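> Quick one, what's the 3D model for this:
(2 chains)
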2 protein chains.
Amino acid sequence: MATELPESKTLYVDLQTATLKCSERCLYQSAKWTAEMLTSMAQPAAPSDPLPQAYLHPTSKSQDEALIEASELSSYLLARSYFDVHEYDRASFVLAKCKSAKSRFLHLYAKYIAGEKRRDEDSEMVLGPLDGSATPNKECPSILSTLEAILLPKEDNMTEDDSWLLYLYGMVLAKQKNESEARDAFIQSVNLYPYNWAAWQELGATIGTVTDLNHTIHSLPNHIMTSLFVLSTNQELYQTTDAIHQQLTDLLGLFPNSSWLKTQRALLYYHARDFEEAEAIFDGLIKLDPHRIDALDHYSNILYVME
Amino acid sequence: MATELPESKTLYVDLQTATLKCSERCLYQSAKWTAEMLTSMAQPAAPSDPLPQAYLHPTSKSQDEALIEASELSSYLLARSYFDVHEYDRASFVLAKCKSAKSRFLHLYAKYIAGEKRRDEDSEMVLGPLDGSATPNKECPSILSTLEAILLPKEDNMTEDDSWLLYLYGMVLAKQKNESEARDAFIQSVNLYPYNWAAWQELGATIGTVTDLNHTIHSLPNHIMTSLFVLSTNQELYQTTDAIHQQLTDLLGLFPNSSWLKTQRALLYYHARDFEEAEAIFDGLIKLDPHRIDALDHYSNILYVME
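Here you go, the predicted structure:
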C-alpha cells in the first residue's frame, strides 16, 4: 500500500500539536510515542519567532467549542492536576457538569481508569482458586451509556473533537467483547484524527489475521499514520516480505532516528529467524538510548537463543 | 501581618497561569494546590474570546529565553512524556544538552526524582537491622554542582526563570542538612515567583518555631501567597490566636470555597481542642468533595477522640 509521504515541515508541526493534544487528555503512552516520532525527524531550522504559536495550546477548531473550553479551563486544570497525582475519581467528579468534548473525554477517561484500578484491586490472586475469572470494570456500563447519548445523535456530523470520545467508546465496547463495533469506533476515531496512537494500537488489537487487515485497510485514511499502522500490524502478524521491508525503508527516510521504526526492523528479522541482523539493531539501539526499555524482552530472547 | 488583598480578576488569571507553569515542570502537587485555590474563587464572567490567550502556554518573559524554549520544544515534549510514564532517567537524559531554564529545571528535577526512587529501593527494610540509617539520594551531589554553576555567577541578576532552579537548589541543600542555605534559596525562589506552592511548603519545613517565622517574614514578598503561607505555618506551629482566625476569615473572602482554607480552620480548632467545631467543618468538607483525602487522618482522630 503506497501512501504519499507528507511534507516534512507540516508533519513536524502536526506531531508537536498531537503530543500536546494527547498529553492534555492524559493519554501518556500516546504522547510518548508521538514525541518519540517527532524527535526522530530531522530538526527543522530554529524558530525565529519566540512568541507562543496557536498550536502551543491547541483549542478546538470550532469557535463555539473553543468558547466552552475557555470557560471550563479552571475545572479542566483542576481535573488534570488530580489525574496527575493519580486521584482519578476526583478528576472525574470535578468535570461532571462540563460540556466541552475535551472535558467530557477526561471526565469519562478518568472514570474508566478509576474503574480499571479498582478492577485490579478486586482481581483474584494469581494462582488463587478463582484465577482466570474475568473481573469486570464496573464503570464501563455507565461510561458506555453516556458515550452513546453523546455520540449516537451526531451520526455523521462528527469532528476531531469527537475522535477522542470514539476512541474511549471503542475501548469500552472491546472490554464488553463487542469486537466488531469496537473496531468500527476505532476506525471512525482515526479517520477524524489520525494522530492518536492509542486508537491505532487498540484497532490493531482487534485484527487477528492478514485477511482482517486487508479488509480494514480500505476504511483507513490516506495518511502517514496509516502507513505506520499497517507496517507494525504486518510485523505483529509475522509478515516479513520484501515489500514490507521497502515500506519501512521509505518511512525511515522521514524518521531517520526512530527507535520505534528500527525496533520494527529488528522484529521483522527476528520473526524471519535472522537473529544476527536483529541483534545488531538492538545493540545499536541500546547504545543510542541507554535507558530505553521498550521491546527489551525480544532482545533478551535473541541473546539467549544465540548463546 | 496585613497584606493588601489583590484584585480578584488578576489573581484568577495568575493562578491559572501558575497551575500551567507548575504542571509543565511536573510539579504535580503544586499544580494541584494552585488549581484547588483557583477553583475555590468566585468564577469571573465567562470569557467572550475563544482564542488561546498568551498565558495558555506560558513562555519566558525574556525574548531570548523564549526563543531558546521554542527551539527546544520537541525535546521538552519528549522529556515531559517520559516523566509522565515514570521513566525519569530517560526524561533527564533527553534534556542533557538543553539550555533554557525550563528544560534545565526538568532535566535536573527528573534526575532528582530518579535518585529518590532508587533511594527508596535501596532503603533498608522497616524494622530491619539497619532501619533508621539514612540512605542518601546519590544524584544530589551532581545536581548541586550543576545548579551552583548555573546560579552562582548570576548573583543578583536572577529572574522568574531561575526561581524554579532555586527551589530545587533549596531541596538538595536541605537533603544535605544545610538548613540555613536551603531556607535562603527558598526565600529567593518565592520572591522571584510567589506562586510555586512547593517552594513555600519546603520553606515551611525549615521553620521550627514562631521566632523562626517572625524572623523570616521580613524577607518575604508583599503578596497574597505570603499571607497563605504565614497562616498555614502558624497553624502548624499550633498558634490559635484571634488574629489568625481573623486573617483566615479575610482570606476566605477571596477563596470562599477553598477546602484547603476550611481545613486550616478545622485544624486551628483541633489544636485548641475544640473538637466539635473541627468535626463540623470536616463533615461539611466530606459532603462537598466526597473523594477528598487530604487531612483525613486528623478527621479520623477527632472522631475517635469524640466517641
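
> tell me the phi and psi of the one residue in the stretch 151-300 of chain A that gets nearest to chain B?
Nearest residue of the stretch 151-300 of chain A to chain B: A:H291, at 4.2 Å (Cβ to the nearest Cβ). All C-beta atoms are positioned from the backbone trio N, CA, C, and that covers glycine. For A:H291, the backbone dihedrals (degrees, to the nearest 10) come out as phi -100, psi 0.

> What are the neighbouring residues in contact with it?
Taking Cβ atoms under 8 Å, 6 or more residues apart in numbering or on different chains, we find A:H291 in contact with B:E87, B:D89, B:R90, B:F93.

> What is the neighbour count of the first one?
Here the count is done by other Cβ atoms under 10 Å in any protein chain shown, and B:E87 has 21 residues near it.

> what about the residue lying closest to it once chain neighbours are set aside, distance to B:A96?
Leaving aside its chain neighbours, B:E87 sits nearest to A:H291 (6.8 Å; criterion: Cβ to Cβ, 6 or more residues apart in numbering or on different chains). Using Cβ to Cβ, to the nearest Å, A:H291 is found at 11 Å from B:A96.

> cool, and A:L152?
Counting by Cβ to Cβ, the gap between A:L152 and B:A96 amounts to 50 Å.

> With neighbour numbers in mind, choose between those two.
B:A96 (12 against 9).

> Quick one, grab the pLDDT at the residue nearest to that one when sequence neighbours are not counted.
Residue nearest to B:A96 in three dimensions, not counting chain neighbours: B:H107, with 6.4 Å by Cβ to Cβ, 6+ apart. On pLDDT, B:H107 comes in at 96.

> same deal with the one 3 residues further on?
If you check B:A110, the pLDDT there is 96.

> Name the next helix or strand downstream of the helix or strand harbouring it, please.
Assigned by DSSP states H and E, B:A110 falls within helix B:101-122. Moving toward the C-terminus from helix B:101-122, the next helix or strand (DSSP H and E) is helix B:140-151.

> for that next one, packing partners?
Secondary-structure packing of helix B:140-151 (3 or more Cβ pairs under 8 Å, 6 or more residues apart in numbering or on different chains; DSSP states H and E): helix B:101-122, helix B:160-175.

> do you know which of those lies nearest B:S219?
helix B:160-175 (13.5 Å; Cβ to Cβ).

> For the residue sitting nearest the centre point of chain A, which non-adjacent residue is closest in space?
Nearest to the mean C-alpha position of chain A, by Cα atoms, centre = their mean, lies A:A198 at 1.7 Å. Nearest non-adjacent residue to A:A198, counting by Cβ to Cβ, 6+ apart: A:S30, 4.3 Å away.

> And for that neighbour, the neighbour number?
Number of residues near A:S30 (other Cβ under 10 Å) recorded here: 24.

> That one against A:N196, yeah?
Yes - between A:S30 and A:N196 a contact is recorded at 5.7 Å, counting by Cβ atoms under 8 Å.

> and for these two, which residues touch both?
A:C22.

> quick one on the thing from earlier: distance of the residue nearest to B:E87 from A:A31?
In terms of Cβ to Cβ, A:H291 sits 18 Å off from A:A31.

> likewise A:I150?
Counting by Cβ to Cβ, the gap from A:I150 to A:A31 is 24 Å.

> Give me the more crowded residue out of the two.
Using other Cβ under 10 Å as the criterion, A:I150 and A:A31 rank with A:A31 on top: 28 against 16.

> Need the per-residue pLDDT for that one.
So, for A:A31, pLDDT stands at 85.

> what helix or strand does it sit in?
Using DSSP H and E, A:A31 falls within helix A:28-39.

> which element follows that helix toward the C-terminus?
Downstream of helix A:28-39 (by DSSP H and E), the next one is helix A:63-71.

> quick one: that next one to chain centroid distance?
How far helix A:63-71 lies from its chain's middle: 25 Å, per Cα atoms, centre = their mean, to the nearest Å.

> Would you point out which residue of the stretch 101-250 of chain A is nearest chain B?
Closest point on the stretch 101-250 of chain A to chain B, by Cβ to the nearest Cβ, is A:A114, at 9.3 Å.

> Quick check: closest non-adjacent residue to that residue.
A:Y88 (3.8 Å).

> What residues does the stretch 151-300 of chain A have near chain B?
The stretch 151-300 of chain A comes close to chain B at residues A:D289, A:P290, A:H291, A:R292, A:I293, as judged by Cβ under 8 Å from any Cβ of the partner chain.

> rerun that using 10 Å as the cut-off
Contacts of the stretch 151-300 of chain A with chain B, taken as Cβ under 10 Å from any Cβ of the partner chain, map to A:D289, A:P290, A:H291, A:R292, A:I293, A:D294.

> Going by neighbour count, which residues of stretch A:109-122 are buried?
A:Y109, A:A110, A:K111, A:Y112, A:I113, A:A114, A:G115, A:R118, A:R119 (16 or more other Cβ atoms under 10 Å in any protein chain shown).

> wait, doesn't the second one sit right on A:Y76?
Read that as A:A110. No - using Cβ atoms under 10 Å as the test, A:A110 is too far from A:Y76 to be in contact (11.5 Å).

> Could you tell me which residues touch both of those two?
A:V94, A:L95 (Cβ atoms under 10 Å, 6 or more residues apart in numbering or on different chains).

> Redo the contacts of A:H291 as CSV? Include secondary structure and distance to A:Y270.
CSV is the format used below for those (DSSP: H, G, I helix; E, B strand; the rest coil; distance: Cβ to Cβ, whole Å):
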residue, secondary structure, distance to A:Y270
B:E87, coil, 24
B:D89, helix, 26
B:R90, helix, 24
B:F93, helix, 26
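
> Make JSON lines out of those residues and add pLDDT.
JSON lines is the format used below for those (pLDDT from 0 to 100):
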{"residue": "B:E87", "pLDDT": "92"}
{"residue": "B:D89", "pLDDT": "94"}
{"residue": "B:R90", "pLDDT": "91"}
{"residue": "B:F93", "pLDDT": "93"}
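
> In terms of distance to A:Y269, which of these ranks first?
Nearest member of these to A:Y269, counting by Cβ to Cβ, is B:R90, at 25.1 Å.

> which residues sit in contact with that closest one?
Applying Cβ under 10 Å, 6+ apart to B:R90 gives the contacts A:32, A:289-293, B:78-79, B:81-83, B:110, B:114.

> and the gap between it and B:S100?
For B:R90 relative to B:S100 (Cβ to Cβ), the value is 19 Å.

> next one: A:A35
Distance from A:A35 to B:S100, by Cβ to Cβ: 17 Å.

> Compare these two and say which is more crowded by neighbours.
A:A35 (27 against 24).

> who's in contact with that one?
So A:A35 contacts A:15-16, A:18-20, A:22-23, B:74-82, B:94 (Cβ under 10 Å, 6+ apart).

> mind checking pLDDT for it?
85.

> same deal with A:H298?
pLDDT, A:H298: 81.

> Repeat that for A:G128.
pLDDT, read off for A:G128, is 65.

> what does the one 10 residues further on give?
Listed pLDDT for A:K138 reads 92.

> got it, and the one 5 residues further on?
Confidence at A:I143, expressed as pLDDT, is 96.

> Could you verify my assumption that it touches A:Y169?
Yes - applying Cβ under 10 Å, one finds A:I143 in contact with A:Y169, separated by 8.6 Å.

> list residues touching both of these two?
Joint contacts of A:I143 and A:Y169 (Cβ under 10 Å, 6+ apart) are A:L108.

> Compare the two and say which is more crowded by neighbours.
A:Y169 (27 against 22).

> From A:D120, how far off is that one?
Counting by Cβ to Cβ - A:Y169 and A:D120 are separated by 22 Å.

> picking that back up, pipe the residues of the stretch 151-300 of chain A next to chain B into a markdown table and attach pLDDT and secondary structure per row.
Formatted as a markdown table, these follow (pLDDT from 0 to 100; DSSP: H, G, I helix; E, B strand; the rest coil):
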| residue | pLDDT | secondary structure |
| --- | --- | --- |
| A:D289 | 80 | coil |
| A:P290 | 80 | coil |
| A:H291 | 79 | coil |
| A:R292 | 78 | coil |
| A:I293 | 75 | coil |
| A:D294 | 77 | coil |
